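>>> have a look at this fold, sequence not included:
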């Protein structure tokens with residue numbers, strides 16, 4: 001259910017009926033003929049008519065996003081064709097910018113009315129105790145759209161982005177400390193196994209340097225790639241993402257503090273409704289990961305009156 005995550009802190013009312021009523025004010029409706037996109041809340045995980053799903057420890061919401069596919073190349077080609085026809089009909093050599101823009105707007109409007117529509121459903125989960133709002137998407141734009149929709153619907157809801165300064169350099173420093181290294185010939189020092197706190201780095205690291213050259217290291221264990229990693233760090237490469245293990249959960253932490261490629265094994269012998277159990281189990285793991293990440297990077301929530 002949660003393969004990728006953008007995580008926020010939020011104050012969301014716990015009254016399910018009142019919350020459903022708020023969300024219903026922004027329920028999904030298909031895009032009109034002149035709309036490029038529409039979005040709104042839909043019942044999560046087949047929950048009948050309710051727009052709020054409840055599971056042990058939290059709530060779930062789903063936002064449907066319909067987007068019309070309008071290739072820019074096709075619009076530009078049709079616009080160029082119509083501009084040429086207008087020039088031929090009027091005997092002019094060129095059109096003004098305003099006239100060309102008007103033709104392009106007309107083409108875009110016609111394409112919009114008959115465009116193919118793509119649909120995406122973004123699921124979000126809210127843990128009432130930690131106040132973590134987990135938007136299960138790899139897209140920053142979609143994550144912002146979901147949080148904006150929640151704020152718009154609820155009105156007084158406060159959200160805060162969990163920003164940790166210098167995550168990239170922090171990951172690079174921790175990786176350097178974790179790796180074994182040779183101080184002198186045949187004198188190898190063990191790395192600091194506590195450099196990543198409650199986490200264990202696995203066999204995948206992505207790096208980049210100031211010239212934006214990229215490097216990916218994959219090995220059975222990162223210790224097996226010690227020389228390559230230390231050489232990269234020496235050449236001013238810094239960590240942009242690293243795969244970490246935490247309990248039974250594994251994921252890739254990016255330098256912008258997002259979780260990617262989350263792997264949480266299904267719990268054996270689930271009890272009760274399948275989606276409710278799975279949501280509770282996965283959120284238990286994600287919340288534990290986020291709590292320990294915030295502790296590792298010494299994250300402090302903004303004071304009252306700060307970012308919201």
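Cool, got the structure. Not measured: the values here are computed from a predicted model.
>>> show me where pLDDT drops low in the stretch 151-300 of the chain?
163, 165, 182-188, 268-273 (pLDDT under 70).
>>> quick one, strands of the stretch 51-200 of the chain?
Under the criterion DSSP state E, counting those that start in this stretch, strands of the stretch 51-200 of the chain are mapped to 53-55, 58-69, 116-127, 132-135, 159-161, 181-184, 187-189, 200-208.
>>> please state the offset of stretch 13-28 from the chain centre?
Mean-position distance between stretch 13-28 and its chain equals 23 Å (C-alpha atoms, centre = their mean, to the nearest Å).
>>> what about residue 63, distance to residue 26?
9 Å (C-beta to C-beta, to the nearest Å). Using the backbone N, CA and C atoms, a C-beta is placed for each residue, glycine as well.
>>> what touches both of these two?
Counting by C-beta atoms under 8 Å, 6 or more residues apart in numbering, the shared contacts of residue 63 and residue 26 are 40, 41, 149.
>>> pick the most deeply packed of the strands of the stretch 51-200 of the chain.
strand 132-135 (a mean of 26; mean count of other C-beta atoms under 10 Å).
>>> paired strands for that strand, with orientation please.
Using DSSP bridges, the strands paired with strand 132-135 are strand 6-10 (antiparallel), strand 116-127 (antiparallel).
>>> export these to CSV and tack on distance to residue 74?
Listed next are the strands paired with strand 132-135 as CSV, based on distance: least, C-beta to C-beta, whole Å:
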stretch, distance to residue 74
strand 6-10, 32
strand 116-127, 12
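>>> report the central residue of the chain.
Nearest to the mean C-alpha position of the chain, by C-alpha atoms, centre = their mean, lies residue 138 at 3.5 Å.
>>> give me phi/psi at it?
phi -90, psi -10 (degrees, to the nearest 10).
>>> which pLDDT does the model give it?
pLDDT, residue 138: 94.
>>> which non-adjacent residue is nearest it?
residue 4 (3.9 Å; C-beta to C-beta, 6 or more residues apart in numbering).
>>> against residue 79, how distant is that neighbour?
37 Å.
>>> same check on residue 119?
Distance, residue 119 to residue 79, by C-beta to C-beta: 28 Å.
>>> and residue 32, how many neighbours?
Applying other C-beta atoms under 10 Å, we find 9 residues neighbouring residue 32.
>>> backbone dihedrals for it, please?
phi -70, psi 170.
>>> so how far is residue 65 from the closest residue to it other than its chain neighbours?
By the measure of C-beta to C-beta, 6+ apart, the closest residue to residue 32 outside its immediate chain neighbours is residue 38, 7.7 Å from it. Relative to residue 65, residue 38 is positioned 8 Å away (C-beta to C-beta).
>>> just to revisit the earlier point, closest to residue 244 out of the strands paired with strand 132-135?
strand 6-10 (14.9 Å; C-beta to C-beta).
>>> next helix or strand past that closest one?
helix 16-24 (DSSP states H and E).
>>> need phi/psi at the residue of the chain most remote from its centre.
The C-alpha centroid of the chain is most remote from residue 91, which lies 52.6 Å away (C-alpha atoms, centre = their mean). Dihedral angles of residue 91 (phi, psi; degrees, to the nearest 10) stand at phi 70, psi 20.
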